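K.L.:
no sequence for this one, just the structure:
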């Protein structure tokens with residue numbers, strides 16, 4: 001359920017801007033996204049598994065509590081059409097249980113929190129840098145308007161595929177990292193499991209959030225959409241190498257806001273941005289509450 005919810009919510013982070021700018025068809029976008037998510041999870045999803053294993057010790061029953069709590073929280077936000085942070089939901093649940101059981105590794109938590117803080121800021125700065133440097137390169141490669149539009153379409157497809165790959169590499173641990181820590185799955189099997197379930201969410205329930213992020217936050221043309229997705233993918237890939245699962249949503253929102261700042265901030269929809277920020281704040285709070293309820297139930301049933 002958590003993998004499905006993540007895919008349904010986060011497909012927008014890879015292809016939302018491309019679909020909203022009408023450069024890529026929704027059907028093509030979800031097929032590409034699902035395929036590259038699996039590829040990224042299988043090839044580079046293992047590093048994040050180790051981070052979750054160090055964050056807090058867990059058991060099979062508590063791993064169930066973590067993933068169910070996070071899955072319910074993210075699914076709720078998807079119904080509300082809000083792009084949210086799955087990593088915040090999962091880590092929030094793990095931290096609550098770690099505090100209750102006095103098994104929290106504070107040094108691992110500090111590393112994760114620092115990376116969370118730098119994700120949207122770094123993505124915004126990278127997007128602004130790429131906007132000017134890549135623009136000069138494209139103008140040299142595609143002098144005519146026809147070739148420019150055609151080149152941008154392929155650039156969006158490549159950038160979206162790369163972002164989907166980074167999504168799988170960075171978020172595989174969010175789906176099944178706690179099961180590795182509980183000794184239920186090997187890292188290799190966990191990566192395949194995570195990639196498959198995320199891809200299922202992409203294919204079945206990703207359209208509504210894709211429109212919220214790609215169309216409602218900042219009005220973008222094909223070029224700014226390409227730069228936003230490229231900056232997001234590069235940011236996620238960096239943190240995947242570092243072994244820290246970060247917020248895919250914060251990366252793409254930071255990049256999109258960076259595009260808005262280039263235009264003087266007038267194109268940023270403050271109301272939509274406020275709803276997204278509410279989702280970021282509400283997700284860990286909701287997930288923490290659900291985790292406490294489920295943990296109390298497991299204690300009552302003597303399962304925890």
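P.N.:
Cool, the structure landed. Treat the numbers as computed from the prediction; the structure is a model and nothing was measured.

K.L.:
so how far is residue 164 from the residue most central in space within the chain?
P.N.:
When C-alpha atoms, centre = their mean is applied to the chain, the residue found nearest the centroid is residue 248 (2.6 Å). Here the criterion is C-beta to C-beta, to the nearest Å. By it, residue 248 lies 10 Å from residue 164. C-beta coordinates here come from the backbone N, C-alpha and C atoms, glycine included.

K.L.:
before we move on, what about residue 259?
P.N.:
The separation that residue 259 has from residue 164, given C-beta to C-beta, amounts to 20 Å.

K.L.:
look at the two and report which has more neighbours.
P.N.:
Shown here are residue 259 and residue 164; by other C-beta atoms under 10 Å, residue 164 has more neighbours (32 against 26).

K.L.:
for the more buried one, which non-adjacent residue is closest in space?
P.N.:
residue 36 (3.8 Å; C-beta to C-beta, 6 or more residues apart in numbering).

K.L.:
now do residue 139
P.N.:
Of all residues not flanking residue 139 in the chain, residue 148 sits nearest, at 8.0 Å (C-beta to C-beta, 6+ apart).

K.L.:
so that neighbour sits against residue 138, correct?
P.N.:
Yes. Assessed by C-beta atoms under 8 Å, residue 148 is found in contact with residue 138 at 6.9 Å.

K.L.:
shared neighbours of those two, anything?
P.N.:
Counting by C-beta atoms under 8 Å, 6 or more residues apart in numbering, residue 148 and residue 138 have no contacts in common.

K.L.:
could you say what helices and strands the helix or strand harbouring residue 231 packs with?
P.N.:
Here residue 231 sits within helix 222-242, counting by DSSP states H and E. If you count contacts as 3 or more C-beta pairs under 8 Å, 6 or more residues apart in numbering; DSSP states H and E, helix 222-242 packs onto helix 2-20, helix 26-44, helix 46-55, helix 106-141, helix 145-181, helix 248-262.

K.L.:
for the third one, packing partners?
P.N.:
Right, helix 46-55. Using 3+ C-beta pairs under 8 Å, 6+ apart: helix 46-55 touches helix 86-100, helix 106-141, helix 145-181, helix 187-204, helix 222-242.

K.L.:
and the gap between the nearest residue to residue 247 once chain neighbours are set aside and residue 195?
P.N.:
Distance criterion C-beta to C-beta, 6+ apart; nearest residue to residue 247, sequence neighbours excluded, is residue 85 at 3.7 Å. As for residue 85, its distance to residue 195 is 19 Å (criterion: C-beta to C-beta).

K.L.:
could you do residue 263 as well?
P.N.:
36 Å.

K.L.:
so which of the two has more stuff around it?
P.N.:
More neighbours surround residue 195 than the other of residue 263 and residue 195, with 30 against 13 (other C-beta under 10 Å).

K.L.:
contacting residues for that one?
P.N.:
Shown in contact with residue 195 (C-beta under 8 Å, 6+ apart): 37-42, 45, 168, 172.

K.L.:
residue 32 touches residue 161, doesn't it?
P.N.:
Yes. With contacts counted by C-beta under 8 Å, residue 32 reaches residue 161, the gap being 5.3 Å.

K.L.:
hang on, the earlier thing: export the helices and strands packed on helix 46-55 as CSV, with columns for mean pLDDT and distance to residue 254.
P.N.:
Converted to CSV, the helices and strands packed on helix 46-55 look like this (pLDDT from 0 to 100; distance: least, C-beta to C-beta, whole Å):
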stretch, mean pLDDT, distance to residue 254
helix 86-100, 85, 14
helix 106-141, 86, 3
helix 145-181, 88, 13
helix 187-204, 94, 21
helix 222-242, 89, 8
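
K.L.:
ok, which of these comes nearest residue 286?
P.N.:
Closest approach to residue 286 among the helices and strands packed on helix 46-55 (C-beta to C-beta): helix 86-100, 8.1 Å.

K.L.:
pull out the buried residues from that closest one.
P.N.:
For helix 86-100, a neighbour-count test (16 or more other C-beta atoms under 10 Å) marks 86-98, 100 as buried.

K.L.:
which one of these sits closest to residue 225?
P.N.:
Of these, the one sitting nearest to residue 225 (C-beta to C-beta) turns out to be residue 86, at 22.7 Å.

K.L.:
number of residues surrounding the residue nearest to residue 196 when sequence neighbours are not counted?
P.N.:
Counting by C-beta to C-beta, 6+ apart, residue 196 lies nearest to residue 38, which is 6.4 Å off, once chain neighbours are set aside. By the criterion of other C-beta under 10 Å, residue 38 has 24 neighbours.
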